[in-house]
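> Have a look at this fold, sequence not included:
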């Protein structure tokens, strides 16, 4: 059974139209991460939650926001997607900072 | 300088070949090390952790040299199914468990 689930798997949005990506986990892990991976590039961390504590990477644009309403769910909100935001968005979870991170299948975002 | 650097690839090898990937990292405070595998348009999946003493998992052997800040992955007897991108990954516990990924090295195993 899938342990880290991302929905939708594919998302098409229009330039400037807000979009929300979803991640859920059945592992009861404390930490949830959001990574962005552009074509032919390495995944790059956007931010993470340790329980309810939000930790933003210094170079993450303000256009990207996140919510974690409970242990199981975490959302990535892109307020005004630009063409440069087209990418694969990967959610990962880990029990603590030192434990293995498990990745979801990703959401591939297309911006028209 | 990138925090994690890998051989650019791609590596095109015949079935049965032995192939080695190299990786260097810049931050001596780096705390744990991994090789991930990523298939085309899929998520990264953990292949193996890398320990200072070196570790082996079947056809795969990983080595770490902390003094040289160097990590390697050796694949013996390559299979067609080994074709993928191999990502060298460093975990910074003191930065919230942040994973820093290398660019990845593409491996293509041919019949």
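Everything's here; your move. Owing to the predicted nature of the structure, the values given are computational and were not obtained by experimental measurement. Numbering: from 1, shown residues only, chains lettered A, B, ... in the order given.

> doesn't residue B:94 fall inside a helix?
Yes: under DSSP: H, G, I helix; E, B strand; the rest coil, residue B:94 falls within a helix.

> Around it, how many other residues sit close by?
Other residues near residue B:94 number 10, with proximity taken as other C-beta atoms under 10 Å in any protein chain shown. For every residue, glycine as well, the C-beta is placed using N, CA and C.

> For it, which residues are in contact?
With contact taken as C-beta atoms under 8 Å, 6 or more residues apart in numbering or on different chains, residue B:94 is in contact with B:29, B:31.

> and residue B:5, that one's in a helix?
No: note on residue B:5: no helix contains this position according to three-state DSSP, which reports strand.

> Near the closest residue to it other than its chain neighbours, how many other residues are there?
Spatial nearest neighbour of residue B:5, excluding adjacent residues (C-beta to C-beta, 6 or more residues apart in numbering or on different chains): residue B:24 at 5.2 Å. Neighbourhood size, residue B:24 [other C-beta under 10 Å]: 19.

> do the same with the one 10 residues further on
A total of 21 residues lie near residue B:34 under the criterion other C-beta under 10 Å.

> does it sit in a helix or strand, and which one?
Secondary structure assignment for residue B:34, by DSSP states H and E: strand B:32-38.

> So residue A:52 sits against residue A:69, correct?
No: when contacts are counted by C-beta atoms under 8 Å, residue A:52 is not listed as touching residue A:69 (9.5 Å).

> near chain A, which residues of chain B show up?
Counting by C-beta under 8 Å from any C-beta of the partner chain, chain B comes close to chain A at B:4, B:31-32, B:41-46, B:49, B:87, B:91, B:93, B:96-99, B:101-104.

> what's the burial count for residue B:111?
That count, for residue B:111 with other C-beta under 10 Å as the rule, works out to 5.

> could you flag which of the residues of chain B next to chain A are buried?
With neighbours counted by 16 or more other C-beta atoms under 10 Å in any protein chain shown, these contain buried members at B:4, B:32, B:43-44, B:49, B:87, B:91, B:96-99, B:101-104.

> got a list of what residue A:96 touches?
For residue A:96, the contacting residues are A:30-31, B:97, taking C-beta under 8 Å, 6+ apart as the criterion.

> can you put the residues you listed in CSV and add distance to residue A:12, secondary structure and pLDDT?
Formatted as CSV, the entries for the contacts of residue A:96 read as follows, by distance: C-beta to C-beta, whole Å; DSSP: H, G, I helix; E, B strand; the rest coil; pLDDT from 0 to 100:
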residue, distance to residue A:12, secondary structure, pLDDT
A:30, 33, coil, 96
A:31, 30, strand, 95
B:97, 32, coil, 78
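
> The residue nearest to residue B:5 should be in a strand, yeah?
Yes: according to three-state DSSP, the state of residue B:24 is that of a strand.

> At which residues are the strands of chain A located?
A:4-7, A:10-13, A:19-25, A:31-37, A:44-50, A:53-56, A:64-67, A:73-78, A:87-94, A:102-103, A:107-111 (DSSP state E).
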